[in-house]
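Novice: Fold the following, please.
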Amino acid sequence: MATLDQKSPNVLLQSLCCRITGKSEAEVAHQFQYAVRVIGSNYAPTIERDEFLVSEKIKKELLKQRREADAALFSELHRKLQTQSVLKHRWSVLYLLLSLSEDPRKPSGRVGNYGALFAQALPRDAHSTPFYCTRPQSLALGYGDRSAGLSASVGTSGISSLGVYTLNGPTATPQSLLASQAPQSAAGGGQPLGSRLAWALPVSCSPSTALATLATRPPLGPAVPSSRAIRPRRDGEKTREVSEAALVRDILYVFQGIDGKFIKMSGQENCYKIDGKVVLCKSLRDTSSRLSELGWLHNKVRKYTDVRSLDRAFGLVGQSFCASLHQELKEYYRLLSVLHSQLQVEDEQGVLVCTESSLTLRRLLVWMYDPKVRLKTLAALVDFCQGRKGGELASAVHSYGKTGDPQMRALVQHILSLVSHPILNFLYRWIYDGELEDTYHEFFVASDPNVKTDRLWHDKYSLRKSMIPSFITMDQARKVLLIGKSINFLHQVCHDRTPPCKITPASTSADTPKDAAELLSDLEGAFQEKIDAAYFDTSKYLLDVLNRNYLLLEHLQAMRRYLLLGQGDFIRHLMDLLKPELVRPATTLYQHNLTGILETAVRATNAQYDNAEILKRLDVRLLEVSPGDTGWDVFSLDYHVDGPIATVFTRECMGHYLRVFNFLWRAKRMEYTLTDIWKGQMCNAKLLKTMPELSGVLHQCHILASEMVHFIHQMQYYITFEVLECSWDELWNRVQQAQDLDHIIAAHDIFLDSVISRCLLDNNSRSLLNQLRAIFDQIIEFQSAQDSLYRSALEELALRLQFEEKKEEKTGQWGVTAEQEAEEKRRIQEFQDTIPKMRSQLRILTHFYQSIVQQFLVLLMTSTDESLRFLSFRLDFNEHYKAREPRLRASLGTNRGRRPSGI
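Specialist: From the prediction side, this is the model:
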């Protein structure tokens, strides 16, 4: 029986009281009686059932009593208790222990009713937005009991809770508040505002009344009118005067967007208006109108959230924005719940007239000042974000936070942390996994599923500039795009199966809005470091794969050697082998014959030592044939590209290479032709010495050929050294310094654009190119004229030598007859008669050639390219053409050695 007595609830409860207080059974009689009353009551506590919060308060109380060892022991025991399933309601036990720790013999400062609490004003420094909580230092604490300090509830959204400032200044916190208030520590910073407001409510002296606040709280709907709602006049007048208490009840409904009895929403004026039949003094009417603005602001925010929350196309960012607004409204509702409870308590206590401790319009105006400011901010933010979604919505929220008001800035930063959370999740998944799951097109990286794999790098992924958040720079957005694009390029085009985590180590993503807020607060630090690290690792790995597995740099050098005629021995030998084929009409050529000649040229020159992967891509291509074309006009070398290297050498780039090759091939042919012309002159000079009548014509040929050789040599020097070599050197330096594939593509495009423009192949140099082609045509025509001249002269020389041989074969004095000698003289005379015709033909050819060259020089001198102007100096180094062309003389006189001012 003794064992049962020792385990009875009363004995255990008394032992618990003794153990907690450290006193004897006689000394804890008051605590024991209070504990029995609490356990036997049916009322619920007025705070949230937050086990962590109560445990933190217990530890704080122990620390205040300088019992650090007990606080550590309690923390360890609480941790062990959490790991076991012995108790189902641990929070209730902890709350009981906390309540029992209060000493009932301690002088209490509890107030008898709610009026003493609501006679106080809201603190101006009480805010519930994270990151900001300051106390005005300008308010002096003049009373002795103010050393008890302030107790300001700080929540998560920004609706100020009830505080302890009176209208005349700060006032000491009542002991009843301090005894039941949640601890203001870092651990309790996440406590919802409604529970903190409940902590702050004063209670009557009765312990049972202290626990009955929330249990008797009515819903926020229309309440049963109390006896003080309307006070009809006793003199029997038709109009009725509305009491301030009735207006307070109406205002509380208006705060929730619900029409009251006397204050209703006016659809025409879009505002809350007081019924015109109600008799009110001007001050009450004005105060009610000012308070009704909160209802209008509430309706505006609530309407936006109700409409957008049901819109799935609004996306994750939009839903996060709505959730942040809901969170703000939730804290606002908790404040209204506390105010409504106060009003209900006054009704139950039978307060029929407005006393100094009752809830009045003026006190509401003071207490609702901070919530009104924050609702104004939310309403303005809703207006500013209308029609926006995704990154554009985040930019709008971010730009709205650029204000000097710290409270407003903190509120917007809190909302921004929630709004930007989905964007940062999109971003991390893209840069670490290459995955883009943007169903509602909110992210600033866009994907086109219709693009084929060969155009993945150029066309599949792009930036939506309107969706780039304003807190992310364009350089960061470009890097983010390149990172994910590089990962997808490696997987889909390069067929590299290396997991992304091995390319760049994944960093911790923004799992919570708190993580997002920390990143947003350090955009130039941690966020930038994450982007840069992923960018450098991914880009470096991609370039290594392209160079190691796909020989990107070797293919680039092959373009220079073969399509830009950089392999001199190969090109010369190829021309020698192709000459018999290319002089034929273009319609008689066969590609397989030319391909065989190409392979022969490769095997006979240093080209044979190139990589087999490169040589197998080298091929012959025949252009479209036009009437009268020869093989020289349609022949071209080709280089096949596919796979990843086709990303750099696109079809447009290969078209540019084809144009440059045709130009260089024609210029090389002119050099080859002039070499044949010079060889013909040197070989036939001695043979034709016996024909003195041809000396003038041959001299004229030599002079014209010298002019052409000088022109072609200078053009070849300009093209080879000033254009190709300089541009190639710049390209190679850029490629070596490239940090990503886009840098290589851009450098390659710049190289081709430079070569095309400086080789006169762009639209701006069309007139120069036409003149140059006309000069090339004159060289071909001169070759034909000289070949015809030498052919006729050699035939005549052969006939003369034959006639002389006949004369030597005859014996006697008369070796030939008179008729034969007359026939020979007549034939010689006929040949001599053709010489003036040849001379005039050469003179006309020389005149045409020189006029075209002069026009070409005039165009060069007026060019904006400095290298082309210097080319004109070299072409006319001895001012030979200047003496023949007045326009050129004027141009040379004004421009030689000077750069156009451009003014």
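Novice: average model confidence for the helix or strand hosting Glu613?
Specialist: Under the criterion of DSSP states H and E, Glu613 resides in helix 612-615. For helix 612-615, the mean per-residue pLDDT is 94.
Novice: list the buried ones in the strand or helix carrying Val317?
Specialist: In this assignment (DSSP H and E), Val317 forms part of helix 315-348. Buried residues in helix 315-348, counted by 16 or more other Cβ atoms under 10 Å: 315-347. No exception for glycine: its C-beta is placed from N, CA and C like everyone else's.
Novice: about what we covered before: hmm, who's touching the helix holding Glu613?
Specialist: 551, 554-555, 558, 602, 607-608 (Cβ atoms under 8 Å, 6 or more residues apart in numbering).
Novice: Any chance of JSON lines for those residues, columns neighbour count and distance to Ala394?
Specialist: Listed next are the contacts of helix 612-615 as JSON lines, based on neighbours: other Cβ atoms under 10 Å; distance: Cβ to Cβ, whole Å:
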{"residue": "Leu551", "neighbour count": "16", "distance to Ala394": "44"}
{"residue": "Glu554", "neighbour count": "14", "distance to Ala394": "46"}
{"residue": "His555", "neighbour count": "19", "distance to Ala394": "43"}
{"residue": "Ala558", "neighbour count": "22", "distance to Ala394": "48"}
{"residue": "Val602", "neighbour count": "20", "distance to Ala394": "59"}
{"residue": "Ala607", "neighbour count": "22", "distance to Ala394": "57"}
{"residue": "Gln608", "neighbour count": "12", "distance to Ala394": "61"}
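Novice: Among those residues, which one lies nearest to Val755?
Specialist: Nearest to Val755 out of the contacts of helix 612-615 is Ala558 (Cβ to Cβ; 16.1 Å).
Novice: where's the closest one relative to Val641, distance?
Specialist: 10 Å (Cβ to Cβ, to the nearest Å).
Novice: okay, and the common contacts of those two?
Specialist: Arg617.
Novice: now the protein, which segments are flagged as low pLDDT?
Specialist: In the predicted model of the chain, residues 1-7, 40-49, 103-240, 350-357, 506-519, 521-524, 809-816, 888-903 satisfy pLDDT under 70.
Novice: which residue ranges form the helices in the stretch 451-600 of the chain?
Specialist: 474-492, 500-503, 513-520, 528-549, 552-558, 568-582, 591-604 (DSSP state H, counting those that start in this stretch).
Novice: residues contacting Met575?
Specialist: 668-669, 672.
Novice: try 10 Å
Specialist: Listed by Cβ atoms under 10 Å, 6 or more residues apart in numbering, the contact partners of Met575 are 582, 601, 632, 665, 668-669, 671-672.
Novice: Of all the helices of the stretch 451-600 of the chain, which one is nearest Gln832?
Specialist: helix 568-582 (34.3 Å).
Novice: Distance from the closest one to the middle of the chain?
Specialist: Distance of helix 568-582 from the chain centroid (Cα atoms, centre = their mean, to the nearest Å) equals 52 Å.
Novice: So for it, what gets flagged as buried?
Specialist: Here helix 568-582 shows 570-575, 577-578, 581-582 as buried, counting by 16+ other Cβ under 10 Å.
Novice: now do stretch 65-76
Specialist: 71, 74.
Novice: And the strands in the stretch 551-700 of the chain?
Specialist: 618-622, 635-639 (DSSP state E, counting those that start in this stretch).
Novice: What strands line up against the last one, and which way round?
Specialist: Spelled out, that is strand 635-639. strand 618-622 (antiparallel) (DSSP bridges).
Novice: relative orientation of the strand it pairs with and helix 591-604 in degrees?
Specialist: Angle, strand 618-622 to helix 591-604, by axes from the mean of the first three to the mean of the last three Cα atoms, to 10 degrees: 140 degrees.
Novice: Check which residues of strand 618-622 are buried.
Specialist: Buried residues in strand 618-622, counted by 16+ other Cβ under 10 Å: 618, 620.
Novice: helix, strand or coil for Thr403?
Specialist: coil (DSSP: H, G, I helix; E, B strand; the rest coil).
Novice: continuing past the helix or strand harbouring Lys806, what's the next helix or strand?
Specialist: Following DSSP H and E, one finds Lys806 within helix 766-809. Next helix or strand after helix 766-809 toward the C-terminus (DSSP H and E): helix 818-861.
Novice: And the helix or strand following that next one, what does it pack against?
Specialist: Sequence-wise, the next helix or strand downstream of helix 818-861 (DSSP H and E) is helix 866-875. Helix 866-875 is packed against helix 695-717, helix 741-758, helix 818-861, helix 886-895, with contacts defined by 3 or more Cβ pairs under 10 Å, 6 or more residues apart in numbering; DSSP states H and E.
Novice: could these go into a markdown table alongside mean neighbour count?
Specialist: Below are the helices and strands packed on helix 866-875 laid out as a markdown table (neighbours: other Cβ atoms under 10 Å):
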| stretch | mean neighbour count |
| --- | --- |
| helix 695-717 | 17 |
| helix 741-758 | 18 |
| helix 818-861 | 15 |
| helix 886-895 | 14 |
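Novice: Just tell me which of the ones you listed ends up closest to Ile263.
Specialist: Here helix 741-758 is closest among the helices and strands packed on helix 866-875 (Cβ to Cβ), at 63.0 Å.
Novice: Which elements pack onto the closest one?
Specialist: Partner elements for helix 741-758 (3+ Cβ pairs under 10 Å, 6+ apart): helix 474-492, helix 528-549, helix 552-558, helix 651-685, helix 726-737, helix 866-875.
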